[in-house]
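J.: just coords:
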């Protein structure tokens, strides 16, 4: 690390390592995605200075307002889009982000493919699965996920690295994470983005390779204007 890490970053990294040791077997590597949505440049920079390089943002417009400045100083950042993506923002997303975690419909997959070809950037993508079949959440239904991954690869020529989900609130997340892991295996997708501040250790037990942690790192979120 370049400078002393924030205590929260040290704590989360320790807990990730402890979970890997406790549950054994794969995944050998669990990548921490620091979810910096709603936080300003000055809140993010201490984490960059301490060596954290993988960050997640929910909104293209918000990311455009802060990450070009930060990347001018930290060129090796890996930026993940982890929020819903509208097709009219696809070009901007492909220009700015390094990984798209929220591919959830054919129209979006097709537009992303066009923009990646136009810009000469072939980004790894995750298919977002609505693992709890919740009407208020985005994502492809679980029963359609494997076929959708295949279409993304063969029809749209996208690089699908893995699957992503957000389990329902207020219920044990383990069965949902296990279901996503089963779908990923069936889809021949090696990466699993699952687990957030309150449940990332359970996600690691079920095979997560990316955990998306925000409030446990940055604290309470500022109000969104």
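T.: Great, that's in hand. As the structure is a computational prediction, the values presented were derived from the model and not from experiment.

J.: can you pull the contacts of residue 71?
T.: residue 77 (Cβ atoms under 8 Å, 6 or more residues apart in numbering). In short, each C-beta sits where N, CA and C put it, glycine included.

J.: and after the helix or strand containing it, which helix or strand comes next?
T.: With secondary structure defined by DSSP states H and E, residue 71 is part of helix 60-73. Per DSSP H and E, the first helix or strand lying C-terminal to helix 60-73 is strand 78-81.

J.: tell me which strands and helices the helix or strand following that following strand is in contact with?
T.: Scanning the chain past strand 78-81 towards its C-terminal end, the next helix or strand to appear is helix 90-96 (assignment: DSSP H and E). Other elements packing on helix 90-96 under the criterion 3 or more Cβ pairs under 8 Å, 6 or more residues apart in numbering; DSSP states H and E are helix 60-73, helix 106-119.

J.: so residue 83 makes contact with residue 37?
T.: Yes. Taking Cβ atoms under 8 Å as the definition, residue 83 is a contact partner of residue 37 at 7.2 Å.

J.: Can you give me the distance of the closest residue to residue 84 other than its chain neighbours to residue 31?
T.: Nearest-residue entry for residue 84: residue 138, 4.8 Å, with adjacent residues in sequence omitted and distances by Cβ to Cβ, 6 or more residues apart in numbering. Residue 138 is 22 Å from residue 31, where distance means Cβ to Cβ, to the nearest Å.

J.: now the helix ranked longest in the chain: mean pLDDT?
T.: As assigned by DSSP state H, the longest helix anywhere in the chain is helix 7-23. Within the predicted structure, the mean pLDDT of helix 7-23 is 93.

J.: Could you list every helix and strand in contact with the next helix or strand after that helix?
T.: The element immediately downstream of helix 7-23 (helix or strand, assigned by DSSP H and E) is strand 31-35. Contact partners of strand 31-35 among helices and strands, from 3+ Cβ pairs under 8 Å, 6+ apart: helix 7-23, strand 54-57, strand 210-213, helix 215-218.
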